[in-house]
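Asker: Pasted the sequence and its predicted model underneath.
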Amino acid sequence: MGLYNFQSRFVPFILDGRKMHTIRATRAHPDKPGNTLHLYSGLRQKGARLLMRVPCVKVEEIEIMHRIERFKNPDNGKIERVEWFSIRIDDQELSGSENEELARRDGFSDFQEMMKFWDGRLPFEGQIIHWRIPR
């Protein structure tokens with residue numbers, strides 16, 4: 001039985017169906033397709049709200065990394081730094097456009113906003129738990 005709490009900023013996206021997955025650390029007893037997911041906002045607080053109960057349809061492994069590389073610029077000889085984020089789902093690295101799509105589907109305006117959310121929490125390994133809203 002998956003019990004998931006969401007920040008209030010994500011509630012409208014869940015309710016209107018734009019957000020149909022959540023990225024979480026792997027649990028001791030992880031959810032699997034067929035399980036019922038209980039989606040809440042404000043758990044462990046007065047006024048907790050059940051958003052919906054939905055079936056889990058897919059679980060994928062995810063890794064989010066912040067990478068920094070230093071290299072010597074052959075033109076000027078200076079050491080330069082390049083940093084970027086890497087997301088892998090089920091061992092497949094996402095392209096830039098796939099990163100943007102994932103961010104929007106997860107309730108962010110773009111990939112940059114999503115990476116601000118993850119600032120200080122990387123590297124991360126966990127799961128993406130997908131659900132379907134019954135019609």
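Answerer: Right, received. Where do you want to start?

Asker: you'd agree S86 is up against R67?
Answerer: Yes. Using Cβ atoms under 8 Å, S86 makes contact with R67 at a distance of 5.6 Å. Placement of C-beta: from N, CA and C, glycine included.

Asker: out of the two, which sits in the busier spot?
Answerer: Shown here are S86 and R67; by other Cβ atoms under 10 Å, S86 has more neighbours (14 against 11).

Asker: Partner strands of the helix or strand hosting that one, with direction?
Answerer: Element membership of S86 [criterion: DSSP states H and E] is strand 79-89. With DSSP bridges as the test, strand 79-89 is paired with strand 49-72 (antiparallel), strand 92-93 (antiparallel).

Asker: Would you mind pulling the contact partners of the helix or strand just after the last one?
Answerer: Toward the C-terminal end, the helix or strand that comes next after strand 92-93 (DSSP H and E) is helix 96-105. Outside of helix 96-105, the residues within contact range by Cβ atoms under 8 Å, 6 or more residues apart in numbering are 18-21, 85, 87, 89, 94, 109-111, 113-114.

Asker: Centre of the chain to helix 96-105, how far?
Answerer: Offset of helix 96-105 from its chain centre (Cα atoms, centre = their mean, to the nearest Å): 10 Å.

Asker: Next, the buried residues of that helix.
Answerer: N99, E100, L102, A103, R104 (16 or more other Cβ atoms under 10 Å).

Asker: cool, stretch 74-92 as well?
Answerer: F85, I87, I89.

Asker: Next: stretch 21-40.
Answerer: Neighbour-count burial for stretch 21-40 [16+ other Cβ under 10 Å]: H21, T22, I23, R24, D31, N35, L37, H38, L39, Y40.

Asker: and the last one, what does it touch?
Answerer: By Cβ under 8 Å, 6+ apart, Y40 lies in contact with L3, Y4, N5, F6, A48, R49, L50, L51.

Asker: give the contact list for the first one.
Answerer: Same thing as L3. L3 sits next to H38, Y40, L43 when contact means Cβ under 8 Å, 6+ apart.
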